[in-house]
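Visitor: Just to be clear, the model below is a prediction. Sequence and coordinates:
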Amino acid sequence: MAFLGSTFDATQIEPATPFEVIQPGKYHVQIVNSEMRSTKGGSGQYLWLELAIQDGQHANKRLFDRLNLVNQNETAREIAQRTLSAICHATGQMSVSDSEQLHHKSLIANVRVRAEGPDKSGTIRPAANEISGYFPMNGPPAAPAYTGQPVRTQTGAPAEIPAAATVQKKSTPPWHRNSAA
């Protein structure tokens, strides 16, 4: 038994509504809350983000994301840093020292549904929304088409193409590639 400190009157408080999974798609969102939190094991930290859907039938519903910025696992850190970079690019905030700098700026979140079922540890989890990417309000940046021909400047001289723009011919996903290759 636990004394509540006073009499709670449920007629004065709107009851919580059950969580409902929204359909997959792209949603106009804003980050409305964020904080660094410790991981369950206590060996790292993640940036917890609360996002509010801004319009449509799901306006004001909340989505959540976690970015493992301080983690012993290098891959987890890299994924988190790339996600934070995508958020920064989408909001136009290219240099941030406090996550609050990202609050109340519009961006697009690509939302998917994680199916109900066992997680990595075997615990049965209900279906849930996950964010699989962030884009600026005007959509994802268009990648230049590779034509096989050298790109030329206005003077007709060959242009230098940054290494990131070159076509990757390997079919192996980056996380499976040998880092020495």
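Guide: Cool, got the structure.
Visitor: Tell me the spacing between the closest residue in space to Met36 that isn't next to it in sequence and Asn68.
Guide: Excluding the flanking residues, the one nearest Met36 by C-beta to C-beta, 6 or more residues apart in numbering is Gln45, at 5.1 Å. (C-beta placed from N, C-alpha, C; glycine too.) Distance, Gln45 to Asn68, by C-beta to C-beta, to the nearest Å: 8 Å.
Visitor: ok, those two, which is more surrounded?
Guide: The residue with more neighbours, out of Gln45 and Asn68, is Asn68; 20 against 16, by other C-beta atoms under 10 Å.
Visitor: so which strand or helix has the more buried one?
Guide: Using DSSP states H and E, Asn68 sits in strand 62-70.
Visitor: So which elements touch the following helix or strand past that strand?
Guide: Downstream of strand 62-70, the next assigned helix or strand under DSSP H and E is helix 74-91. Where contact means 3 or more C-beta pairs under 8 Å, 6 or more residues apart in numbering; DSSP states H and E, helix 74-91 is packed against strand 45-53, strand 62-70, strand 106-114, strand 128-135.
Visitor: In CSV: the ones you listed, plus mean pLDDT.
Guide: Listed next are these as CSV, based on pLDDT from 0 to 100:
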stretch, mean pLDDT
strand 45-53, 97
strand 62-70, 97
strand 106-114, 96
strand 128-135, 96
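Visitor: quick one, longest strand in the chain?
Guide: Longest strand of the chain, by residue count under DSSP state E: strand 25-38.
Visitor: Quick one: residues in contact with that one.
Guide: 44-56, 58, 63, 69, 87, 99-100, 102-111, 135, 137 (C-beta atoms under 8 Å, 6 or more residues apart in numbering).
Visitor: give me that answer again for 6 Å
Guide: Outside strand 25-38, the residues that touch it by C-beta atoms under 6 Å, 6 or more residues apart in numbering are 45-55, 99, 102-104, 106, 108-111.
Visitor: same question, stretch 84-104
Guide: Stretch 84-104 has contacts (C-beta under 6 Å, 6+ apart) with 30-31, 34, 47, 67, 105, 107, 134-136.
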